[in-house]
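Visitor: With the sequence up front, the predicted model follows.
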Amino acid sequence: MRGGSFIGLLFFVLVFFAALTSSISVMEAIVSSLMDRFKISRVRCYFCIVLSIVMGIPSSLGNGICQILRFWEWIF
């Protein structure tokens, strides 16, 4: 089919943007909950959530703090 590569690329780009907007929507609900409960600013809430996501991704991939400690044991 002519143009199939372009249509495939367009499909996955649109799926990426759909996932991105959905995750922003979910994060907004968490931020508003934290703001109401702990009376902290929106920027601080976003910082806490982004920090927990950044720290959680390596752990979910099996490269958490234990992997870092094993790496340092190997060096020394």
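Guide: The structure has been received and is ready for your questions. Source: prediction; values computed, not measured.

Visitor: going forward, measure contacts and count neighbours with C-alpha atoms only.
Guide: Fine.

Visitor: just so I have it, where are all the helices in this protein?
Guide: 4-38, 42-60, 65-75 (DSSP state H).

Visitor: Which secondary structure elements does the first one sit against?
Guide: By that I understand helix 4-38. helix 42-60 (3 or more CA pairs under 8 Å, 6 or more residues apart in numbering; DSSP states H and E).

Visitor: now for the helix it packs on, which elements pack on it?
Guide: helix 4-38.

Visitor: For the helix it packs on, list every residue counted as buried.
Guide: Within helix 4-38, the residues that qualify as buried are 27, 31, 34-35, counting by 16 or more other CA atoms under 10 Å.

Visitor: can I get the helices of the chain in CSV with mean pLDDT?
Guide: As requested, the helices of the chain are arranged in CSV below (pLDDT from 0 to 100):
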stretch, mean pLDDT
helix 4-38, 93
helix 42-60, 86
helix 65-75, 61
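
Visitor: Can you tell me which residue is spatially central in the protein?
Guide: I53 (5.0 Å; CA atoms, centre = their mean).

Visitor: if we can go back for a sec, distance to Y46 added to the buried residues of helix 4-38, as CSV?
Guide: Converted to CSV, the buried residues of helix 4-38 look like this (distance: CA to CA, whole Å):
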residue, distance to Y46
M27, 8
V31, 7
L34, 10
M35, 10
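
Visitor: what's the farthest-apart pair in those?
Guide: M27 and M35 (12.2 Å; CA to CA).
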